[in-house]
Every structure is written in structure tokens, then in C-alpha cells.
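# could you work out the structure for the sequence below:
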Amino acid sequence: MLRRPPVAAGRFYSADPKTLQAEVQYWLAHTLPVSDDGQPRDTQCLMLPHAGHVFCGAVIATTLMAAEASKRPFLSPRSTNEPHRILILCPNHTGLGHPLGIWPEGAWSTPLGDVPVDEKLADDLISSKVGFSTDTASHIREHSIEVLLPFLQYISPEIPPTITPVCIGINNSSVLHSAGRALAQILQRYEINGKPVAIIVSSDMNHYEDQATTIRKDNIALTEILSCNPQGLLDVTRREHITMCGVMPMALALFAMQYMGKPWASLCAHDTSATASGNTQQVVGYAGGMVVDGDLQILKVAVDERFRRQGIARKLLERVGDDARNLGASSCSLEVR
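Here you go, the predicted structure:
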């Protein structure tokens, strides 16, 4: 069996299964407020961020819980013996592999277990002859699908969903348009046959600018997303220099949604890394830690030398400590070298 091992465990989320499960449970219990017009929706596509869970866990959890409350729950199996199918579109951060690379078979592993790949859906996409191709190179070091899987596994533990991972590394409107049209035709066929497929787009928003600039640029891009305007999204991110890493997979998904009907979108949650770091000028610090038998072991704390002596490391440690206490830690250790 073709198995994709975890590469982000211990960096973007805990590598310890019990700790990871507690982390996901914590974020699902601490969701952000969601604007709700009271209308039941049939959710077909979600956009979720893929940073470290300490930065974006609340946004992931909030969006998934909002989708689960929709008219047709997003992750729940349609029957007791058939898993839910999820197509996950992600950006290509590594530059490796095919521009429309599909992991074709087997399973993806996390500390919580394996998530099976939907070989039939992968084969149907590859057979559409619009550019999708069997490819593992684009996925093997790419983190942006893997960091989402523990949430999907936790929400649907008895019958985990099957996934079809697709890594998008081409910024060509005509290619994305053709791929979106082919995807829509395949998804409509699955729907008719009683085997609906949900879509997750993995994407962060604007990167490495100050808080005010990031909020402004995010809102510009979100306006096009909420209008379900894929070409407008491609155009405005290029024109305004918006560094939304998942703009290409989002555009592909929106092209598909347009072919499937009249799509409608809403914003579930919006946040920045400043909530965790406390720095609104630039994302300059990071902290990694894990809880082992009740002891919080701080693995690494670092701050860009230009922004030291501003209390950033202290705020990071305070945040990690708070999360660790919520996860059951009773002591803390830090090796200083």
C-alpha cells in the first residue's frame, strides 16, 4: 500500500497521539463566534487554514463546526457503512512535482491513524485529461493537507472520511478553469449516484505584513471569495500583491462551484497569527512544545533578532503554557543551550 507518512507532526501539531487528540478537542470546544443568518445550508466546500494549530486551530474548528451544523452535515457519513468522500485542494509550497498532482491511492498517516485515499475518485480526475496527474512528489513534503487531517479524524472517528489529495501549483486561469469544469462534471456524476463529494481548500491568507495591511488585503481577497468570483480572486491577488498561498486551489474550487449551480458563500471566522504571538507588526517568533506524561517540554523558542527585547518570547511562552495547562500539563521544562 502506498502510504504517506506524517511530515508536520512535532512541528505544526503534536506528534503524541493523546496530546494531539486533546489539542483538537480543545480547539473544538473553544470555537469563535459565527455570524448565522438562520438559514440551513447544503455545504459543499470549505476553506481552512493550514498553519500550526496554535495559530489557526480556532479557525479550523469554528469552520468545521459551522459546516457540521448545516442542512447536510459536511463530515458525517451518509450511511453506517460508507465513509464520506472529501477532495482536498492545497497549494504547492515546495515547488516539487506536477502542477496538478494527485496522490493516487493508499493512505495518509497522522499520529491518530491512517486516512484512506479514494482511489476511484483520484482515477476519475486523472482520466479527465485536463491536466490532473498521478504524483507523490508534490505531496511528500507538503504540510497543508496533513495539518487538517487530525480534525477530520477526530470529528468522524468511527468511519473516517476518504480523501483525494490534490496539490495545485499552476497560476494559469485557463488551466484552472478547465480543471474546475472537469471537476464539476465528476462531482455531479457522483452526486447523481448517491455518493456526494465535499471539497476542502487549504489556504492561509496574506503573509508577513503588519496587522492592518494584512486585514485590509485579506478583506479584498475575501470579497471575491464571498462573491464566488474565481477570476476576480486571481486578478485582485495579483494586482494588490496579496500573498494568499491557496489562491489557485480556491479559484479552481470556485470555477467548479460555478459550473455546479449558483454558489453562495459566507465567512465563518477570520484571525491572524497576532492573536497567538501578540506582535501586530510582523510574524517573527515561533514556539514548539509537547506534553509528555504531564510535563510541558519546551522544544524551541525563537524571535527574530530585530524584534527582541519586546516581550514577544514571553507572550509566546505564556500562550504555550496556557494551552499546556488546558491539555493537562502540571510541570514545565526548558533546556537552555
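# and stretch 184-194, what's buried?
Of the residues in stretch 184-194, 184, 186-188, 190 count as buried by neighbour count, 16 or more other CB atoms under 10 Å. C-betas here are computed from N, CA, C, even on glycine.
# kindly apply the preceding question to stretch 138-153 instead.
Neighbour-count burial for stretch 138-153, with 16+ other CB under 10 Å as criterion, is recorded at 138-139, 142-153.
# can you list those in TSV and add secondary structure?
Listed next are the buried residues of stretch 138-153 as TSV, based on DSSP: H, G, I helix; E, B strand; the rest coil:
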residue	secondary structure
138	helix
139	helix
142	coil
143	coil
144	coil
145	coil
146	helix
147	helix
148	helix
149	helix
150	helix
151	helix
152	helix
153	helix
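# check the offset of the strand or helix carrying residue 216 from the chain's centre.
Element membership for residue 216 (DSSP states H and E) is helix 211-226. Relative to its parent chain, helix 211-226 has a centroid offset of 18 Å by CA atoms, centre = their mean, to the nearest Å.
# and the average pLDDT for that helix is what?
Mean pLDDT, helix 211-226: 89.
# do stretch 311-324 as well
Across stretch 311-324, the average pLDDT comes to 67.
# stretch 149-156 now?
On average, stretch 149-156 scores 92.
# chain center to that stretch, what's the gap?
Using CA atoms, centre = their mean, the offset of stretch 149-156 from its chain centre is 12 Å.
# which one of the buried residues of stretch 184-194 is nearest residue 53?
In terms of CB to CB, no member of the buried residues of stretch 184-194 lies closer to residue 53 than residue 187, at 29.3 Å.
# now for the strand or helix carrying that closest one, which elements pack on it?
Residue 187 is part of helix 173-192 when elements are defined by DSSP H and E. With contacts defined as 3 or more CB pairs under 8 Å, 6 or more residues apart in numbering; DSSP states H and E, helix 173-192 has these neighbours: strand 85-91, helix 119-126, strand 197-202, helix 230-239, helix 247-260.
# how about residues contacting the shortest one?
Translated: strand 197-202. For strand 197-202, contacts defined as CB atoms under 8 Å, 6 or more residues apart in numbering pick out 43-50, 74-75, 84-91, 121, 144-145, 148, 164, 187, 190-191, 246, 249-250, 253, 256.
# that one pairs with which strands, parallel or anti?
Here strand 197-202 is paired, per DSSP bridges, with strand 45-48 (parallel), strand 85-91 (parallel).
# quick one: contacts of the first one?
Under the contact criterion CB under 8 Å, 6+ apart, strand 45-48 has outside partners 59-60, 63-64, 67, 74, 148, 198-203, 225, 246, 250, 253, 257, 263.
# for the longest one, same thing?
Among residues not part of strand 85-91, those counted as contacts by CB under 8 Å, 6+ apart are 50, 75, 118, 121, 142, 144-145, 148, 152, 161-169, 183, 187, 190, 195-203, 245-250, 252-253.
# what's the spacing between that strand and its chain's center?
9 Å.
# what do you get for the first one?
Here strand 45-48 is found 8 Å from its chain centre; the criterion is CA atoms, centre = their mean.
# and if you look at stretch 229-240?
Distance of stretch 229-240 from the chain centroid (CA atoms, centre = their mean) equals 21 Å.
# okay, buried residues for that stretch please.
Residues of stretch 229-240 classed as buried by neighbour count (16+ other CB under 10 Å): 229-230, 232-234, 236-237.
# any chance of those residues in JSON lines, plus pLDDT?
Shown next, in JSON lines, are the buried residues of stretch 229-240 (pLDDT from 0 to 100):
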{"residue": "229", "pLDDT": "94"}
{"residue": "230", "pLDDT": "96"}
{"residue": "232", "pLDDT": "97"}
{"residue": "233", "pLDDT": "96"}
{"residue": "234", "pLDDT": "97"}
{"residue": "236", "pLDDT": "96"}
{"residue": "237", "pLDDT": "95"}
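# how close does the nearest residue to residue 111 once chain neighbours are set aside get to residue 26?
Nearest in space to residue 111, with sequence neighbours left out and distances taken as CB to CB, 6 or more residues apart in numbering, is residue 17 at 4.4 Å. Residue 17 sits 15 Å away from residue 26, going by CB to CB, to the nearest Å.
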